[in-house]
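1. Just a sequence and a predicted model for now, questions to come.
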Amino acid sequence: TQLLEQSPQFLSIQEGENLTVYCNSSSVFSSLQWYRQEPGEGPVLLVTVVTGGEVKKLKRLTFQFGDARKDSSLHITAAQPGDTGLYLCAGVTGNQFYFGTGTSLTVIP
Amino acid sequence: SAVISQKPSRDICQRGTSLTIQCQVDSQVTMMFWYRQQPGQSLTLIATANQGSEATYESGFVIDKFPISRPNLTFSTLTVSNMSPEDSSIYLCSVYLEVDGYGYTFGSGTRLTVV
């Protein structure tokens, strides 16, 4: 059983559509991160959220940390083919670091 | 953030042989991490490499199969020993920098295929 469950696991959408990826857990995290990984590359950090209820925006990407710090969401507005990749959430609880199960996004031109 | 050079980027190896993966960081870091990833899936931590001490292995991973070296604060190697097709995967090294929320920085990975 994974500590951080992401949904959906796979997502294929048309360019210009909006989407939301969810990262859920029953555990409380001191911080949570989102990464994007493109084929043939390692994951790249997009954002770190540390405060319950925190919202961060990175261009067309909006990240939210749940009030109870158990979950997070990533919303992409007007998706572009360059957004294609594997999205991973990751959280710190105690002194342990956990990766989510991953969401593979394909944006079709 | 740190810059990590990992090599080889990919290799095809014969069953029963060993492959050593190298990871070079442009900053001095206390801990380096080795992960395994099936394409399109999440990451599984293999071990944490500390300079000056033995690596700490996660459940399901043992030193005889995945020996790790950490000779200094900028370099580490992971060896995949006596390989079988089940070892075919992507192997990634990573470091964590608590500076400006940089989080984990990853190498570009080594795609290993065992035939």
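-> Looks like it arrived, so ask away.

2. only C-alpha atoms for contact and neighbour calcs from this point on.
-> Will do.

3. What number of residues are in the vicinity of residue 12?
-> You didn't pick a chain, so chain A it is. 12 (other Cα atoms under 10 Å in any protein chain shown).

4. You answered for a different chain; I wanted chain B.
-> Based on other Cα under 10 Å, the number of other residues close to B:Ile12 is 12.

5. which SSE is it in?
-> Assigned by DSSP states H and E, B:Ile12 falls within strand B:10-13.

6. Strands of the chain, residue ranges please.
-> I went with chain A, as the question did not name one. A:5-7, A:10-14, A:19-24, A:31-37, A:44-49, A:55-58, A:61-65, A:71-76, A:85-93, A:96-99, A:103-108 (DSSP state E).

7. right idea, wrong chain: chain B
-> According to DSSP E, chain B carries its strands in the segments B:4-7, B:10-13, B:19-25, B:31-37, B:43-50, B:56-57, B:68-72, B:75-80, B:89-97, B:103-106, B:110-114.

8. check whether the fifth one contacts chain A.
-> Think strand B:43-50. Yes: contact between strand B:43-50 and chain A, assessed by Cα under 8 Å from any Cα of the partner chain, occurs at B:Leu43.

9. which other residues reach that strand?
-> A:99, B:30-37, B:55-58, B:61, B:68-70, B:76 (Cα atoms under 8 Å, 6 or more residues apart in numbering or on different chains).

10. For PyMOL, write a command that selects the buried ones of those residues.
-> The PyMOL command for the buried members of the contacts of strand B:43-50 (criterion: 16 or more other Cα atoms under 10 Å in any protein chain shown) is given here:
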select buried, (chain A and resi 99) or (chain B and resi 31+32+33+34+35+36+37+55+56+57+68+69+70+76)
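
11. tell me which parts of chain B are close to chain A?
-> Taking Cα under 8 Å from any Cα as the measure of proximity, chain B contacts chain A at B:40-43, B:92, B:101-109.

12. Most neighbours out of those, which is it?
-> Counting neighbours by other Cα under 10 Å, the top entry in these is B:Leu92, with 30 neighbours.

13. Show the pLDDT at that residue.
-> Confidence at B:Leu92, expressed as pLDDT, is 97.

14. for the one 10 residues further on, same thing?
-> At B:Tyr102 the predicted local distance difference test score is 58.

15. Farthest pair within the residues of chain B next to chain A?
-> Distance extremes for the residues of chain B next to chain A: the farthest pair is B:Gly40 and B:Gly101 at 25.5 Å, using Cα to Cα.

16. Identify the residues contacting the residue of chain B at minimum distance from chain A.
-> For chain B and chain A, the shortest gap (Cα to the nearest Cα) falls at B:Ser108, measuring 4.3 Å. Counting by Cα under 8 Å, 6+ apart, B:Ser108 makes contact with A:40-42, B:4-6, B:9, B:92.
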